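Trainee: coordinates only, no sequence provided:
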């Protein structure tokens, strides 16, 4: 029998669709908050390992400037870092995040990492998205399993939506998913679509069900205004335009009354081995633009939305010979949205002396990323601790969820 993913992929090939790496899902609201809130969660995966010391610089650490050399940010100069709390400053490519921070709608978790320490992109990304403590688990992701764990409470809303050639690992798994992608060819007429649907319903029920789900997803997309040129991604997912387009589409879908409530996007290109100053500025500008599109596109729903941007690991504290950094350990997690308890840097700062660095080379992890993600799932959707420890993040009972990430 064909899997959900295989069926959706066949449907995409059938309709000649393409698009961005994006996945979305419905989440039931906890009964205690259903009357007042309609919460949404957006997970942005930054693939390639973000340099947290450049994204959110500890300019107040006495060892920072000497350690970072040409990569060190400064509060003065032609492109000054954006002040946050006196000790930390934000990369100048992120003015939108800086504004949200000042408005109390954005925070940073610093010196944070998964439990993985071996510095392989492939294994690190698998750990990041699967939710397991180690690599080798690629059959499902923590966000999909969280959706599935909530379905028993409200079966009528158990629906997920994957946008793009295939959803990121974080959104694959047992929870049913619809498939949708921006169209690159003129859409099939309604009569043709119905005839193809009838054909596959009788000859291949699994593919027929996937096609029906895809057409339903297209209906939601059309209701959200994702038609014509707006639906076509301009630029890759490692470029600012592509990131903005993906965020714009996600926001429109999340904002529709019968649309999804959870989204996962994957932005590529964060591997800054060389020429980090120029490369990282471009990527961070794209992420900042995506946050702006989320805020604009979600409209009234922004007040109940939390966005978290995460990466597989950080980068070395010292600059290398090509003006870049190598694979490291701890990095940052960005939190933004109207639901976020903002204007905070959450950090148990480890220090930057050589004796304080992880293995003498990396920012040392002091927060477990699973604690952050558990806290968001619990506060936004009421997922209980047992489900978080056994379903979303297996064998993680010892990792306590981080509380207070969402405004009361």
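Mentor: Okay, I see it. This structure is a prediction, so every number in the text was calculated from the model and none was measured.

Trainee: and stretch 103-121, end to end?
Mentor: 35 Å (Cα to Cα, to the nearest Å).

Trainee: with stretch 392-399 instead?
Mentor: End residues of stretch 392-399 are separated by 12 Å (Cα to Cα).

Trainee: give the rounded mean pLDDT of that stretch.
Mentor: When pLDDT is averaged over stretch 392-399, the result is 98.

Trainee: now do the end-to-end distance for stretch 381-395.
Mentor: One end of stretch 381-395 sits 21 Å from the other (Cα to Cα).

Trainee: show me what counts as buried in that stretch.
Mentor: Buried residues in stretch 381-395, counted by 16 or more other Cβ atoms under 10 Å: 381-383, 387-389, 391-393. All C-beta atoms are positioned from the backbone trio N, CA, C, and that covers glycine.

Trainee: from the chain's centroid, how far away is it?
Mentor: Put simply, stretch 381-395 sits 19 Å off its chain's centre (Cα atoms, centre = their mean, to the nearest Å).

Trainee: try stretch 266-277
Mentor: Between the mean C-alpha location of stretch 266-277 and the chain-wide mean there is a distance of 17 Å, by Cα atoms, centre = their mean.

Trainee: checking the most centrally placed residue in the chain next. Helix, strand or coil?
Mentor: Nearest to the mean C-alpha position of the chain, counting by Cα atoms, centre = their mean, stands residue 44 at 1.5 Å. Three-state assignment for residue 44 (DSSP: H, G, I helix; E, B strand; the rest coil): strand.

Trainee: next one: it from residue 354, what distance?
Mentor: Going from residue 44 to residue 354 by Cβ to Cβ, to the nearest Å gives 33 Å.

Trainee: re the thing from before, can you lay out the buried residues of stretch 381-395 as a markdown table showing secondary structure?
Mentor: Shown next, in a markdown table, are the buried residues of stretch 381-395 (three-state DSSP):
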| residue | secondary structure |
| --- | --- |
| 381 | helix |
| 382 | coil |
| 383 | coil |
| 387 | helix |
| 388 | helix |
| 389 | helix |
| 391 | helix |
| 392 | helix |
| 393 | coil |
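
Trainee: which of those sits closest to residue 325?
Mentor: Nearest to residue 325 among these, counting by Cβ to Cβ, is residue 393 at 28.4 Å.

Trainee: do you know the pLDDT at residue 37?
Mentor: Taking residue 37 on its own, its pLDDT is 85.

Trainee: need the nearest residue in space to it, chain neighbours excluded.
Mentor: Of all residues not flanking residue 37 in the chain, residue 304 sits nearest, at 5.0 Å (Cβ to Cβ, 6 or more residues apart in numbering).

Trainee: and for residue 395?
Mentor: Here the residue nearest residue 395, using Cβ to Cβ, 6+ apart, is residue 133, at 6.3 Å.

Trainee: and residue 144, by the same measure?
Mentor: residue 173 is the one closest to residue 144 (Cβ to Cβ, 6+ apart), at 3.3 Å.

Trainee: hang on, that neighbour in a strand?
Mentor: No - in this structure, residue 173 is coil, not part of a strand, as judged by three-state DSSP.

Trainee: so how far is residue 107 from it?
Mentor: 28 Å.

Trainee: sorry, back to before: and the residue nearest to residue 37, how close does it get to residue 406?
Mentor: 10 Å.

Trainee: quickly list what's touching both of these two.
Mentor: By Cβ atoms under 8 Å, 6 or more residues apart in numbering, residue 304 and residue 406 have these common neighbours: residue 339.

Trainee: neighbours of the nearest residue to residue 314 once chain neighbours are set aside, just the number please.
Mentor: Among residues not flanking residue 314 along the chain, residue 331 sits closest, at 3.4 Å (Cβ to Cβ, 6+ apart). Residues near residue 331, counting by other Cβ atoms under 10 Å, number 30.

Trainee: spit out the contact partners of residue 331.
Mentor: 49-52, 55, 112-113, 311, 313-315, 363.

Trainee: ok, residue 269 next?
Mentor: Residue 269 neighbours (Cβ under 8 Å, 6+ apart): 47-48, 236-239, 279, 283.

Trainee: run through the strands of the stretch 251-400 of the chain in chain order.
Mentor: 262-267, 305-311, 331-336, 344-346, 367-368 (DSSP state E, counting those that start in this stretch).

Trainee: re earlier: for burial, what's the neighbour tally of the residue nearest to residue 395?
Mentor: The number of residues near residue 133, taken as other Cβ under 10 Å, comes to 17.

Trainee: what's around the residue lying closest to residue 388 once chain neighbours are set aside, how many residues?
Mentor: Leaving out its chain neighbours, the residue that sits closest to residue 388 by Cβ to Cβ, 6+ apart is residue 374, at 4.7 Å. Counted with other Cβ under 10 Å, residues neighbouring residue 374 total 28.
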